[in-house]
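**Student:** No letters, just coordinates:
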Ligand code: PLP
Ligand code: COI
């Protein structure tokens, strides 16, 4: 039985669900972990997460398929990326198999919150890890908590799959050799001011350029870019300071193997952007959100598909990717994990 929720009108917000998974790290090892009801965390005021932001997180989704199964998409990739984030932040790796098992357990326990097929909504899972013991000198914690909670969500951007308008930011997201390539909370703390300003000005997101030269496209606050050239080649920006999006890596494979497109993962100059035929944002939350217009200090770059619909290549990729995610199209081996 599903919960009594207006699934089709959900935004991307937090709704408390019934269960979450918690595991604690102490004396050099993780405990067995458990599904619990308590959504509250009580910690010392001096916990490392509060003082020095020792925290990383992940995001992935579970869906209901047409034949009523509950599935999730590539959780092993999130587990691996979290291990990479943890290493960079001097946190212990949460084992990949335990991570995937915890994802299954959280979804199973909250199955009444998995939106029904056809509603456009999904169950968003948020795994995260924090340094929990008190530290006052600048050093890593040695006790940690790993947790996965979930919340039913609708589209990340208002208007669903309608093209959005974004602006080129005057702020930088990540420094060369910094933490842009991991999913650390601190990367999002720095984006709160720029995204607030962008929203006040009527833009849905910021396009960040590379901090070193401000000539190359990096990503937005919460998604990677995809571009399509006039002759139908998919181009995705390559940089050591952007998050290696699982959606973007999946899209590159889908475009090549399912849509027959040429795919280039390379540095993208901002000066090239005006010549692309299509532009979109991709990520777990964003799925694929078409970008209709980019505002750059008084100049507008308008993509040919306009502000009403996705361009044809983006649409083909979107339909194929979401078809695979919902088991309507057979995806590559191991992409879809059946939960029940
Ligand atoms: N880039 C940033 C900064 C993000 O926060 C996200 C979201 O996770 C992405 C890209 C997309 O990554 P993924 O496709 O793995 O969700
Ligand atoms: C995700 O897509 O999972 C993210 O973490 C992006 C976040 C900005 C909501």
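**Tutor:** Structure's in. What do you need? Just so we're clear, the structure is a prediction, and the values are computed from it rather than from any experiment. Numbering: from 1, shown residues only. Ligands and ions are numbered 1, 2, ... in the order given.

**Student:** so which residue of the stretch 1-150 of the chain comes closest to ligand 1?
**Tutor:** residue 59 (4.8 Å; C-beta to the nearest ligand atom). From N, CA and C alone the C-beta is placed, and that goes for glycine too.

**Student:** Pull the contacting residues for the nearest residue to that residue once chain neighbours are set aside.
**Tutor:** Using C-beta to C-beta, 6 or more residues apart in numbering and skipping the chain neighbours, the partner closest in space to residue 59 is residue 284 (4.6 Å). For residue 284, the contact set (C-beta atoms under 8 Å, 6 or more residues apart in numbering) comprises 59, 60, 61, 124, 246, 247.

**Student:** quick one on the thing from earlier: for the residue of the stretch 1-150 of the chain closest to ligand 1, grab the count of nearby residues.
**Tutor:** Applying other C-beta atoms under 10 Å, we find 17 residues neighbouring residue 59.

**Student:** Repeat that for the one 3 residues further on.
**Tutor:** Counted with other C-beta under 10 Å, the neighbours of residue 62 add up to 28.

**Student:** Look at it and report its pLDDT.
**Tutor:** In the predicted model, residue 62 carries a pLDDT score of 97.

**Student:** Neighbouring strands - and their directions - for the strand or helix carrying it?
**Tutor:** Assigned by DSSP states H and E, residue 62 belongs to strand 60-64. Sheet pairing of strand 60-64 (DSSP bridges) gives strand 70-73 (antiparallel), strand 122-131 (antiparallel).

**Student:** With respect to burial, which of those scores highest?
**Tutor:** Most buried of the strands paired with strand 60-64 by mean neighbour count (mean count of other C-beta atoms under 10 Å) is strand 122-131; its value is a mean of 23.

**Student:** Go ahead and confirm residue 270 touches residue 215.
**Tutor:** Yes - using C-beta atoms under 8 Å, residue 270 is in contact with residue 215, at 6.0 Å.

**Student:** Mutual contacts of these two, please.
**Tutor:** What both residue 270 and residue 215 touch, as defined by C-beta under 8 Å, 6+ apart, is the set residue 209.

**Student:** what about those two, which has more around it?
**Tutor:** residue 270 (19 against 12).

**Student:** That one: what's it in contact with?
**Tutor:** 168, 209, 215, 216, 217, 296.

**Student:** at 10 Å instead, please
**Tutor:** By C-beta atoms under 10 Å, 6 or more residues apart in numbering, the residues touching residue 270 are 168, 207, 209-210, 213-218, 294, 296, 301.

**Student:** Stretch 255-264 spans what distance, first to last residue?
**Tutor:** One end of stretch 255-264 sits 11 Å from the other (C-alpha to C-alpha, to the nearest Å).

**Student:** And it, what's buried?
**Tutor:** 255, 258, 259, 261, 263 (16 or more other C-beta atoms under 10 Å).

**Student:** likewise stretch 36-53?
**Tutor:** In stretch 36-53, counting by 16+ other C-beta under 10 Å, buried: 43, 47, 48, 49, 50, 51, 52, 53.

**Student:** tell me which residues of stretch 109-119 are tucked away?
**Tutor:** 109, 110, 111, 113, 114, 115, 119.

**Student:** So what's the gap between it and the chain middle?
**Tutor:** Centre-to-centre, stretch 109-119 and its host chain are 20 Å apart (C-alpha atoms, centre = their mean, to the nearest Å).

**Student:** dump the residue contacts of residue 132.
**Tutor:** 24-26, 41, 43-44, 47-50, 54, 141-145.

**Student:** Please tell me how far the residue of the stretch 51-200 of the chain found nearest ligand 2 sits from residue 199.
**Tutor:** Nearest residue of the stretch 51-200 of the chain to ligand 2 (C-beta to the nearest ligand atom) works out as residue 59 at 2.2 Å. Separation of residue 59 from residue 199 (C-beta to C-beta, to the nearest Å) stands at 20 Å.
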